[in-house]
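J.: what shape does this take:
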Amino acid sequence: MSKLGQTRVVEAILSLIAIALLFMVVNRVSITVANYSANSYLREQANEIFALLHKGNLLISIVYGQYGYGYPDLAKKILDSIVPSDIGYNFTVYRINKDGDIERIYSISGRGYNSLNAYSSSYILTGYNGIFEPRLVVLSLSKV
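T.: Model prediction:
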């Protein structure tokens, strides 16, 4: 094998290692995606609620739970206590399968949530306990 061929093989191996490391880092990072709309108050409220839930590791608990299906009852209790009383909410958790299919795990609503006047924010979790199992969490808020 020529020196040029050996160099190309080493470059390919280093590139694969770099891609694998990048994938592992990205896999552990949660990404927040917010829908931008005219009603910045509700959008900001949803983002603040996500930040509060994530900060206390409550988001991971209510989304994944012990067996991977989450705790909708706990989610409802927590949201009833932290969402302002004049705002309705819908909290939906989706599983993203390996094929890219999206499957709803659970959805809860409270306080007279109105989907026609709702503004949403979403949060993506990539997994828990070292297991890659992405979830899309959508919190929609509406004025009561």
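J.: tell me the spacing between Thr126 and Ala51.
T.: Using C-beta to C-beta, to the nearest Å, we find Thr126 at a distance of 17 Å from Ala51. In short, each C-beta sits where N, CA and C put it, glycine included.
J.: ok, Leu125 next?
T.: Leu125 is 14 Å from Ala51, by C-beta to C-beta.
J.: settle it for me: which of these two has more neighbours?
T.: Leu125 (20 against 13; other C-beta atoms under 10 Å).
J.: secondary structure element for that one?
T.: Element membership of Leu125, judged by DSSP states H and E, is strand 118-128.
J.: what's the offset of that strand from the middle of its chain?
T.: 3 Å (C-alpha atoms, centre = their mean, to the nearest Å).
J.: for that strand, which strands pair with it and how are they oriented?
T.: Strand 118-128 has the following strand partners under DSSP bridges: strand 31-34 (antiparallel), strand 131-143 (antiparallel).
J.: which of these comes out lowest on mean pLDDT?
T.: Ranked by mean pLDDT, these bottom out at strand 31-34, with a mean of 49.
J.: any buried residues in stretch 99-110, and which?
T.: Ile105, Tyr106, Ile108, Ser109 (16 or more other C-beta atoms under 10 Å).
J.: quick one: buried residues of stretch 129-144?
T.: Buried, per 16+ other C-beta under 10 Å, within stretch 129-144: Glu133, Pro134, Arg135, Leu136, Val137, Val138, Leu139, Ser140, Leu141, Ser142.
J.: could you identify the helix or strand that succeeds the one helix or strand in the chain whose mean pLDDT sits lowest?
T.: Across the helices and strands of the chain, mean confidence by mean pLDDT, DSSP states H and E is lowest for strand 31-34: a mean of 49. Per DSSP H and E, the first helix or strand lying C-terminal to strand 31-34 is helix 40-55.
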